[in-house]
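> Sequence plus predicted model, see below.
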Amino acid sequence: MVGGVQFRQAEAGKRYEVFHTDCPARDVVDHVTSRWGVWVLISLGSNALRFYELRESIHGISEKMLAQTLRVLVQDGLVWREVEPTSPPQVTYGLTEFGREVAEPLADLFDRITRRLPPRDAG
């Protein structure tokens, strides 16, 4: 992984104070639960995608918002980024181990929600 904040598992009894405004974990939670962060993590949950594939998989997201969202998720250590030196460059994104740990319960949550909703009308 290139750069990014790495959050190691807290030692026994030592946790982040997530209710304090200056807690670094709070920023990560904000990025994960942002309007587009959740969708990026769920979209990358099954496999790595190129930028354009990711953009096409998340309806309604602009290139600018996708780029900004990916930038912070990479910095947080949730997403890795690989650039292939082609012309134009091809950029691929995927989940780090930390990203998979975060994305899995999100995907489970959405699966539970969609199973409990009434069926959509065909019309």
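Happy to help now that I have it. Please read these numbers as outputs of a predicted model, since none were measured by experiment.
> Could you report the separation of the spatially most central residue of the chain from residue 55?
In the chain, the C-alpha nearest the mean C-alpha coordinate belongs to residue 41, at 3.0 Å (Cα atoms, centre = their mean). Separation of residue 41 from residue 55 (Cβ to Cβ, to the nearest Å): 15 Å. Where C-beta positions appear, they are placed from N, C-alpha and C, glycine not excepted.
> And residue 90, by the same measure?
14 Å.
> Between the two, tell me which one has more neighbours.
A direct count of neighbours by other Cβ atoms under 10 Å for residue 90 and residue 55 places residue 55 higher, at 17 against 13.
> Next, the contact list for that one, please.
Residue 55 makes contacts with 61, 63, 66, as judged by Cβ atoms under 8 Å, 6 or more residues apart in numbering.
> Out of those residues, which comes closest to residue 14?
residue 66 (35.3 Å; Cβ to Cβ).
> Now do the helix or strand hosting the closest one, average pLDDT.
For residue 66, the host element (DSSP states H and E) is helix 63-75. Average pLDDT, helix 63-75: 97.
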